[in-house]
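J.: Give the three-dimensional model of this entry:
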Amino acid sequence: MDQLVFAAEVFLNGLMTGVMYALVALGFVLIFKASGVFNYAQGVLALFAALTLVGIQQGQVPFAHLINAMLGTHISSFGWTVPALLAILLTAGVMVLLAFLIEKLVLQHLVGQEPIILFMATIGLAYFLEGLGDVMWGADIKTLDVGLPQGISDGIEAVTGEWFGYGFFIDRLDIWATIIAALLVAALVAFSQYTKQGRAMRAVADDHQAALSVGISLRFIWVMVWSIAGFVALVAGIMWGTKSGVQFSLSLIALKALPVLMLGGFTSIPGAIIGGLIIGVGEKLFEFLIGPMVGGATENWFAYVLALLFLVFRPQGLFGERIIERV
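T.: Below is the predicted model:
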């Protein structure tokens, strides 16, 4: 009985972790649906958004290290702090501006190019943004606090204690992440399926030149999609940054999004959520049940083995579209 209760707790924690993975995967799906290319920079977007949010919130001077090195000054902050909500809104504005610059300076010159060219462009963009974030805000580990509840949920611990005789330890931050992610996914699905801009986004993904020929503004669609992906990255950066601190390893969360996308499909928003939940629950339960038999640390490789199996037997994922090309 105790093992079942512990397994139930592990299952719930896996669901919460899966939602965090899915938040990152959503940004990949949005860019892929609009351009047909895997956006290598999505993890770095989450890092850059989190760094910018902390910098704005704490009143840091952008490029302070560079200014001090060049001018011999010792400035570091403006001497004020910004409320969390206002800082989030300002950071969202920065991500929209970044989307506009990406379209203007990069994507505009790559219309009609092969997907591999666009993919290589996102690799270069990722390293550029990582360096830019370092120069703008510094490389030290930062604490992010936007007022989200943290710590063990006393309510869930009390209720499960009455039901099972053992209180589940569920982080309140994970609960809020689940709620926010669910609302975000519902909004994105509705936008993609039922709005004119959402249909235009899917048309651009199918064929850039054909979309242009029927009057769809490729520039507007790309700015819009990168803005939305930037906002998703901001939300993911807030959740992960609040949980583990804002540090440059935050960009590596993109690696965990890869198995999620392979399971759910690169073109499916609901698939990103389902894939994230499967990975989150699967790796936690596998570690709990099988980990002790094989020496532990199975969370590091379980997701990739599962993704490899999907690539062999169902390469388009659970919800992805099968692509047939006639030659």
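J.: C-alpha only now, for contacts and for neighbours.
T.: Fine.
J.: now Gly27: how far from Gln42?
T.: Noted for Gly27: a distance of 6 Å to Gln42, by CA to CA, to the nearest Å.
J.: and the residue nearest to Leu252 when sequence neighbours are not counted, what does it touch?
T.: Distances taken as CA to CA, 6 or more residues apart in numbering place Gly43 nearest to Leu252, at 6.4 Å, with adjacent residues excluded. The contact partners of Gly43, by CA atoms under 8 Å, 6 or more residues apart in numbering, come to Val24, Ala233, Leu250, Ser251, Leu252, Ile253, Ala254.
J.: and if you look at Leu125?
T.: Ala41 are the contacts of Leu125 under CA under 8 Å, 6+ apart.
J.: any idea how far it is from Val235?
T.: 20 Å.
J.: Any stretches of the stretch 51-200 of the chain with poor pLDDT?
T.: 111, 164-166 (pLDDT under 70).
J.: What ranges does it have for its strands?
T.: Counting by DSSP state E, counting those that start in this stretch, the stretch 51-200 of the chain has no strands to list.
J.: Skipping adjacent residues, who's closest to Gln209 in space?
T.: Gly112 (6.7 Å).
J.: Make sure that neighbour is actually in contact with Ala211.
T.: No - Gly112 lies out of contact with Ala211 (CA atoms under 8 Å); the separation is 11.0 Å.
J.: More neighbours: which of the two?
T.: Neighbour totals were compared for Gly112 and Ala211, and Ala211 leads with 18 against 12 (other CA atoms under 10 Å).
J.: Verify the stated contact: the more buried one with Leu218.
T.: Yes - judged on CA under 8 Å, Ala211 makes contact with Leu218 at a distance of 7.5 Å.
J.: Now do the shared contacts for the two.
T.: Val204.
J.: Tell me how many other residues crowd Gly317.
T.: Using other CA under 10 Å as the criterion, the residues surrounding Gly317 number 24.
J.: And it, its phi and psi?
T.: Main-chain torsions, Gly317, degrees, to the nearest 10: phi 80, psi 180.
J.: Contacts only, for it.
T.: By CA under 8 Å, 6+ apart, the neighbours of Gly317 are Leu261, Met262, Leu263, Gly264, Gly265, Phe266, Phe310, Leu311.
J.: follow-up on the earlier one: and the residue nearest to Leu252, what helix or strand is that in?
T.: Here Gly43, judged by DSSP states H and E, is contained in helix 42-57.
J.: from the chain's centre, how far out does that helix sit?
T.: The chain centre lies 12 Å from the centre of helix 42-57; the measure is CA atoms, centre = their mean, to the nearest Å.
J.: ok, now stretch 191-207?
T.: With CA atoms, centre = their mean, you get 21 Å for stretch 191-207.
J.: Over to stretch 106-123?
T.: That offset, for stretch 106-123, works out to 21 Å (CA atoms, centre = their mean).
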